[in-house]
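Trainee: can't give you the sequence, but here's the structure:
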């Protein structure tokens, strides 16, 4: 069982890379907006009920996948590296898989802001993330999060064979997925 966590700031290409990785491997993609979009029909993701439901759905999916005979899962996440609760969350998700004998791989994506602002309006993103269709709000959220949180790591913050950082400013999702496959022998 493998868990590949693709993390980085909004519109860096996590879902799109995850889609390519899913296409090239036996891993299933679980991008973070799958639960956000589901719950948003009932509660705002920022509300207490919205956050609780998203968390519950994700946890149950992680537990079921970790206990299954699936090859593994690709999960995307905007990880506030300056937020201790986000570190705890990633540790808890990782523990679900590791407790079942699984391996966890961390893939950090980074890209220039001007590229991310263009990607924020891409057809693929809008198709799979309806809550991002309000461009003004989505861009405002992207910029505010960038201003208030650290979404990419410092040099040396992550180390080890199960971690890689990719600047995908000028790389296609296909190339990035292939880099991940080769690095982790997926």
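Mentor: Yep, that arrived. All values reported here derive from a predicted model rather than from experimental measurement.
Trainee: could you tell me how many residues sit around residue 46?
Mentor: Look at residue 46: counted by other CB atoms under 10 Å, it has 8 neighbours. For every residue, glycine as well, the C-beta is placed using N, CA and C.
Trainee: also residue 161?
Mentor: 8.
Trainee: a helix runs through it, doesn't it?
Mentor: No: counting by DSSP: H, G, I helix; E, B strand; the rest coil, residue 161 is not part of a helix but coil.
Trainee: for residue 167, see how far away it is.
Mentor: Distance, residue 161 to residue 167, by CB to CB, to the nearest Å: 20 Å.
Trainee: again, but for residue 71
Mentor: 28 Å.
Trainee: mind checking which residue lies nearest the centre of the protein?
Mentor: The chain has residue 76 as the residue nearest its centroid, 1.5 Å off, counting by CA atoms, centre = their mean.
Trainee: quick one: residues contacting it.
Mentor: Residue 76 sits next to 5-7, 14-15, 18, 29-32 when contact means CB atoms under 8 Å, 6 or more residues apart in numbering.
Trainee: if we go to 10 Å?
Mentor: Residue 76 sits next to 4-8, 12-19, 29-34, 107, 109 when contact means CB atoms under 10 Å, 6 or more residues apart in numbering.
Trainee: select the longest strand from this structure.
Mentor: When the chain is parsed with DSSP state E, its longest strand is strand 103-110.
Trainee: list the strands paired with that strand, with their directions.
Mentor: strand 2-7 (parallel), strand 163-167 (parallel) (DSSP bridges).
Trainee: average pLDDT across the longest one?
Mentor: Spelled out, that is strand 2-7. Across strand 2-7, the average pLDDT comes to 98.
Trainee: now the shortest one
Mentor: Here strand 163-167 scores 97 as its mean pLDDT.
Trainee: buried stuff in the following helix or strand past it?
Mentor: Note on strand 163-167: by DSSP states H and E, the next helix or strand toward the C-terminus is helix 173-184. Neighbour-count burial for helix 173-184, counted by 16 or more other CB atoms under 10 Å, picks out 173, 176-177, 179-181, 184.
Trainee: quick check: the farthest pair among those residues?
Mentor: The distance between the two most remote of these (CB to CB) is 16.5 Å, for 173 and 184.
Trainee: list of residues touching the helix or strand harbouring residue 29?
Mentor: Residue 29 belongs to strand 28-30 when assigned by DSSP H and E. Strand 28-30 is contacted from outside by 3-4, 6, 15, 17-23, 58, 61-62, 65, 68, 70-76, 128, using CB under 10 Å, 6+ apart.
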